[in-house]
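S.K.: everything below, folded, please.
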Amino acid sequence: MTVKLARRVPAALIWAVGAVLEIAHINTGWMAIDEFTARFVYFYGGYIFAKPIFVFTAWSQAQPWLALRLIILWALFNGAMVYSGFAPLPVFSLALGLISAAAVAMVAALMAMHDVFRSLRYCGRNSIVIYLTFFLPMAAMRALLFETGWIADIGAMSVIVTAAGVFGSLALFWAMRGTSAGFLFERPARFWLVGNPASPDPKMTLQPAE
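M.R.: Residues are numbered from 1 along each chain as shown. The predicted structure follows:
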């Protein structure tokens, strides 16, 4: 909604404001406000830089071994920054966030080349479904685990709760598809972002290797 309302404002200005909000590390205690200020710059960056991102991921697929080396270098560098305590600092957090976003894009591009990750591609195509409803099955599973005490290890519990959020969301989607409740997983036309000045070529899509 914020992006749609600010369509007439120069993109560079909106991105700069988002960067300042992230650097400020705002902590009001209100999750919606705090998460918006911390994440908006990345969301908006993905919107305005969509075309370069698609070019970058296509290059990663064309140069998989070089991309893999860069991912390893990123992992080592990012780990060192986290271990040294620089990662959460203002400016450093934004820079590392942008670099990490590029690394994640490379990883996703390489994974998209192989059918072994077909299920993850499906989740990616339906990410809005998971995003909208993950909290329902996740909260139910978390309550169940706490009430029964079946799982004591916090790591195992986190994995189970996360899996429940993903698969539970998809199960709801499959159950409601083709029914009168299917509209719950369709974004109203007035909320679509159209006319993106940086929108990618429709032909520029990530394709799995034959």
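S.K.: return the helix or strand in the protein with minimum mean pLDDT.
M.R.: helix 2-5 (a mean of 78; mean pLDDT, DSSP states H and E).
S.K.: mind listing what's buried in that helix?
M.R.: Across helix 2-5, burial judged by 16 or more other CB atoms under 10 Å covers Val3. (Glycine included, C-beta is placed from N, CA and C.)
S.K.: what's next to stretch 134-149, contact-wise?
M.R.: With CB atoms under 8 Å, 6 or more residues apart in numbering as the test, stretch 134-149 has contacts from 151, 157, 160-162, 164-169, 171-172.
S.K.: so where does the residue lying closest to Phe56 once chain neighbours are set aside fall, helix or strand?
M.R.: In space, and not counting its chain neighbours, Phe56 is closest to Ala105: 6.5 Å by CB to CB, 6 or more residues apart in numbering. Assigned by DSSP states H and E, Ala105 belongs to helix 92-111.
S.K.: avg pLDDT for the following helix or strand past that helix?
M.R.: Of the helices and strands lying after helix 92-111 in sequence (DSSP H and E), the nearest is helix 118-125. The predicted model gives helix 118-125 an average pLDDT of 84.
S.K.: packing partners of helix 118-125?
M.R.: Under the contact criterion of 3 or more CB pairs under 8 Å, 6 or more residues apart in numbering; DSSP states H and E, helix 118-125 touches helix 92-111.
S.K.: switch the cut-off to 10 Å
M.R.: If contacts are counted by 3 or more CB pairs under 10 Å, 6 or more residues apart in numbering; DSSP states H and E, helix 118-125 sits against helix 92-111, helix 127-133, helix 154-176.
S.K.: re earlier: check the contacts of stretch 134-149 against Leu110 and report the nearest one.
M.R.: Ranked by distance to Leu110 (CB to CB), the contacts of stretch 134-149 are led by Val166 at 21.1 Å.
S.K.: name the nearest residue to that closest one, sequence neighbours excluded.
M.R.: With CB to CB, 6+ apart as the criterion, Val166 has its nearest non-adjacent residue at 5.7 Å, and that residue is Ile130.
S.K.: neighbours of that neighbour, how many?
M.R.: Applying other CB atoms under 10 Å, we find 18 residues neighbouring Ile130.
S.K.: just to revisit the earlier point, was I right to think the residue nearest to Phe56 contacts Phe54?
M.R.: Yes. At 9.3 Å, Ala105 counts as touching Phe54 under the criterion of CB atoms under 10 Å.
S.K.: about what we covered before: rank the helices and strands packed on helix 118-125 by pLDDT, which is bottom?
M.R.: Mean pLDDT values for those show the minimum at helix 127-133, a mean of 82.
S.K.: what comes up buried for that helix?
M.R.: For helix 127-133, by 16+ other CB under 10 Å, it's Val129, Ile130, Thr133.
S.K.: of those, which is the nearest to Ser119?
M.R.: Comparing those against Ser119 with CB to CB places Ile130 closest, at 12.6 Å.
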